[in-house]
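Peer 1: The following block contains a protein sequence and its predicted model.
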Amino acid sequence: MVKVLAVADPAVEVYKNIINDYKAEVKFDIVPWENYFDTMMNAFKGNADYDIVMVAGHLWLREFVEADYLAELNYDFEDILPIIAKEMMYDGKIYLSPSFCDGHMIVYNKDVLSKLVDIKEVIDTNTYIEWAQKLADSGIETPVAMKAHASEIFLDALPYLREHGVDVYGPDGACNFTSEQLGKYLTLKKHAHIDTHTYGNDEIKDAIISGEAVLATTWSGQLGVIASQCKNANSLGYATFDKAWNVTWSFAVCESSENKQQAMDFLAYLRTPKIDKKVGEYCGAPVRKSSYTTGNCPWYDIQLKMIEEYATPLPDVADLSTKNQQLYDTIYNEFKGAV
C-alpha cells in the first residue's frame, strides 16, 4: 500500500475519486492547510509513516532537499509547462511531481463591476483598490472579500508588497517591503466583511458563490469548485495581478519510504495527461499545456498568462518557511490592530 499525506484542496478530491482505478492500494490522509506544515514536519521527523507527501513547490523545496527529506525522481516532463517543470527541480535534479497550481486570480461579478470600471485582464494593486472603492461608492457595503486568515494573509498581501518592483526578500534574505506597501493592502479592510480576518479558501468561495462579495482574490486551484457551485457562474469574470505569485502543489517521495518504487509508479500515473485534465476540470488549475489548450474553463487563458508571464516565485533564500511565518504573524497582527 502507498500512503500519501495530502493537503485539503479541491484537486485532492479528484485523486480520492480515481485511486479506485489504480492497480495498487493507495491511502490518502488529508489535512487542512492551517495544520498541514506541522503534520508534514512530524512525518519527516519519523512520527508518522508516509511514502508520499504534498509539497508547496518552490516554497519548501530547497529547505526539504537540503534536509534530505526528499528522494530524487526521474521522469520526462513532456508537455508540463516549462516554468512548472523548472519548479520541480533543485540544483539540477528532480524532486517533485506536479499536481496543480495555486496562483493569484481575481474573481468578480462582471454584471456589477463592468458598469463602474473598464475591466482589464491584468491589473496592478492600485487598480484593484480603485475597483473596490468604485463598488463602495456605488452603495455596496462590503464589496470585497479578503483572504486574511492568519494562515493565508502573507500571500494574500504579497502583490501589494511587490508593488514597486522590489520583491519581499532581498538577496541577503532581509525583508524589503515598506509600511506604505502594507498600508495599501490594509486599506481594503474597510471594504470587507467584519470577519474577513477569519477568511480562508472556503470562506472566500462562499462569499463569491453567495454574492456577499463582488470582488475577491483567490487561488487558481479553487476556481473549478467556485464555478461549479455558483448558480450564476456566467456572471463571474476573471483577472490576475501584474505582480502575481504562483506555486505548484506537488508530490514528493519521502527519503525514508521503504516503498519508493511503488510510490514513484503511482506518481507516474498521476502525471498522465488524462489525470491532469481531470484535475484541471475539477479544481481549475492543471499543469500540462495540453490541458489548457483542450479545456474549456473560461479562466484558462488568463490563468495561463499568470503562470507563464506574470507570476514570480519567492526569492530562493535560506530558512524561507521560518521567515514567511514571521511575516504571516506580523501582517496578521497589523491587520487585527494588535501592533
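Peer 2: Arrived safely, thanks for sending.

Peer 1: can you give me the helices in the stretch 51-200 of the chain?
Peer 2: Using DSSP state H, counting those that start in this stretch, the helices of the stretch 51-200 of the chain run over 57-66, 82-87, 110-113, 125-137, 153-161, 179-187.

Peer 1: how far does the fifth one sit from the chain's center?
Peer 2: Helix 153-161 has its average C-alpha position 12 Å from the chain's average C-alpha position, going by C-alpha atoms, centre = their mean, to the nearest Å.

Peer 1: One more: the last one?
Peer 2: Counting by C-alpha atoms, centre = their mean, helix 179-187 is centred 22 Å from the centre of its parent chain.

Peer 1: quick one: the closest residue in space to F37 that isn't next to it in sequence and A67, what's the gap?
Peer 2: In space, and not counting its chain neighbours, F37 is closest to S321: 7.0 Å by C-beta to C-beta, 6 or more residues apart in numbering. From N, CA and C alone the C-beta is placed, and that goes for glycine too. For S321, the distance to A67 (C-beta to C-beta, to the nearest Å) stands at 11 Å.

Peer 1: count of neighbours near N47?
Peer 2: Neighbours of N47 under the rule other C-beta atoms under 10 Å: 9.

Peer 1: Specify the local secondary structure of it.
Peer 2: Put simply, N47 is coil when judged by DSSP: H, G, I helix; E, B strand; the rest coil.

Peer 1: In contact with it, which residues?
Peer 2: Residues counted as contacts of N47 (C-beta atoms under 8 Å, 6 or more residues apart in numbering): none.

Peer 1: D195: neighbouring residues, count only.
Peer 2: Close neighbours of D195, defined as other C-beta under 10 Å, add up to 9.

Peer 1: Kindly give the local confidence score, pLDDT, for it.
Peer 2: On pLDDT, D195 comes in at 95.

Peer 1: measure it to A148 for me?
Peer 2: 10 Å.

Peer 1: Next, count neighbours for A252.
Peer 2: Around A252 there are 24 residues (other C-beta under 10 Å).

Peer 1: Then K45?
Peer 2: 10.

Peer 1: cool, the one 10 residues further on as well?
Peer 2: A total of 27 residues lie near V55 under the criterion other C-beta under 10 Å.

Peer 1: List the beta-bridge partners for the nearest residue to it once chain neighbours are set aside.
Peer 2: Counting by C-beta to C-beta, 6+ apart, V55 lies nearest to A252, which is 4.7 Å off, once chain neighbours are set aside. Legend: beta-bridge partners of A252 under DSSP bridges are V53.

Peer 1: so A252 touches A56, yeah?
Peer 2: No. Judged on C-beta atoms under 8 Å, A252 makes no contact with A56 at a distance of 10.5 Å.

Peer 1: how close does the nearest residue to E308 once chain neighbours are set aside get to L155?
Peer 2: Counting by C-beta to C-beta, 6+ apart, I83 is the residue found nearest to E308 once chain neighbours are left out, at 6.0 Å. Separation of I83 from L155 (C-beta to C-beta) stands at 18 Å.

Peer 1: before we move on, what about E78?
Peer 2: For E78, the distance to L155 - C-beta to C-beta - is 29 Å.

Peer 1: now N259
Peer 2: 33 Å.

Peer 1: More neighbours: those two, which one.
Peer 2: L155 (22 against 18).

Peer 1: any idea how far that one lies from K323?
Peer 2: Taken as C-beta to C-beta, the span from L155 to K323 is 13 Å.

Peer 1: Buried residues, stretch 158-173. List them.
Peer 2: 158-163, 167-169 (16 or more other C-beta atoms under 10 Å).

Peer 1: ok, so of these, who is nearest E63?
Peer 2: E63 lies nearest to Y169 out of those, by C-beta to C-beta, at 14.0 Å.

Peer 1: Quick one: residues contacting A311.
Peer 2: 103-104, 244-246.

Peer 1: let's see 7 Å
Peer 2: With contacts taken as C-beta atoms under 7 Å, 6 or more residues apart in numbering, A311 has the following neighbours: 103, 244-246.
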